[in-house]
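# Provided below for reference: sequence and predicted model.
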Amino acid sequence: MRTVTAIADWRSAAEELRTAGHSVALVPTMGALHAGHASLIEAARRDGHEVILTIFVNQRQFNDASDFERYPRTTEADLEVARAAGAAVVALPSAAEMWPSGTATTVHVEGLSENWEGADRPGHFDGMASVVTKLLTITGPCTAYFGEKDFQQLAIIRRLVADLGLPVTVVGAPIIRDHDGLALSSRNVRLSAQNRSAALAIPATVARAARGGTVSEIEAEACEILTAAGLTVSYAAVVNAATLAPYAAGDSGPARFIVAAIAGDVRLLDNGPTLMTGDTHAARH
């Protein structure tokens, strides 16, 4: 496994792989790697790609400076995870390497960025979309793998790739869960034992949504489950899986239940498919 820190070396490594006849997969991360990240590398390898994994904690997508400072940095352990999963190249650019002259350019995906996480974390998706656009541009033609846990992020990336005509195929990979059902996240290490137990209400709402029902039933019951566990609910909503708009009467596309809740001071996300039956009216939470 090769490690690079300079953008020029990263770009060269990708081109060398393609010149040698390999297809390239990109797995962008902010480090603190866990089995979910490893599953992305392994999925790309199964699909026949050579994997470039990036580790860059992108300050632009943190609207809370303290959250950025607390984000775990575990480079040595991350390299071991990447090596074991089969990455060919790990790119570890510094902030100075990524933004040597600061940042005057922002990528904004209108219509998908303003609600849900976007409403609660102003600027988050603009920062994410801007850095992902740069990661994809540096890597060049590739297949990019992202986890479905960050479902809104995945939808935004799909749209920006389509709108900008980037030579990239975007693959969404299934959520990887811990033994107790909690979706794997780099933030989970910040949960106390008590908050970890309470956080299990989050996957419980996803399981409830998977059984289907009306929008009002699913959303109301989800909020009841979360508040009974002592969590602060940011949102628990049934949306159109393509547009992320609240699911409404007349929608014909697949529905997705998305949820964000806070356990202690840790914000956690989850989601899953759901089947609408009957009335789609809902009182939003």
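Arrived safely, thanks for sending.
# could you point out which element follows the helix or strand bottoming out on mean pLDDT in the chain?
Within the chain, no helix or strand scores below helix 65-70, which has a mean of 86 by mean pLDDT, DSSP states H and E. Next in sequence after helix 65-70, counting helices and strands by DSSP states H and E, comes helix 75-85.
# Paired strands for the helix or strand following that following helix, with orientation please.
Sequence order places strand 89-91 as the next helix or strand after helix 75-85, per DSSP H and E. When pairing is defined by DSSP bridges, strand 89-91 lines up against strand 2-4 (parallel), strand 49-55 (parallel).
# excluding its backbone neighbours, what's nearest residue 78?
residue 33 (4.5 Å; CB to CB, 6 or more residues apart in numbering). C-betas here are computed from N, CA, C, even on glycine.
# Give the residue spans of the stretch 151-285 of the chain that score low on pLDDT.
Scanning the stretch 151-285 of the chain for pLDDT under 70 picks out 278-285.
# quick one: the residue most central in space within the chain from residue 116, how far?
Nearest to the mean C-alpha position of the chain, by CA atoms, centre = their mean, lies residue 150 at 3.2 Å. For residue 150, the distance to residue 116 (CB to CB, to the nearest Å) stands at 11 Å.
# Then residue 275?
Using CB to CB, residue 275 is found at 21 Å from residue 116.
# Would you mind telling me which of those two has more residues around it?
Set residue 275 next to residue 116 and count neighbours by other CB atoms under 10 Å: residue 116 wins out with 22 against 12.
# So for the more buried one, what's the pLDDT?
Residue 116 carries a pLDDT value of 98.
# Same check on residue 139?
98.
# Hmm, residue 25 and it touching each other?
No - the criterion here is CB atoms under 8 Å, and residue 139 misses it with residue 25 at 9.2 Å.
# got any residues that touch both of these two?
Common neighbours of residue 139 and residue 25 (criterion: CB atoms under 8 Å, 6 or more residues apart in numbering): residue 52.
# and residue 176, what does it touch?
Contacts of residue 176 by CB under 8 Å, 6+ apart are 34-36, 39, 147, 183-184.
# Could you identify the most distant pair in those residues?
Maximum pairwise distance in the contacts of residue 176, criterion CB to CB, is 12.2 Å, between 39 and 183.
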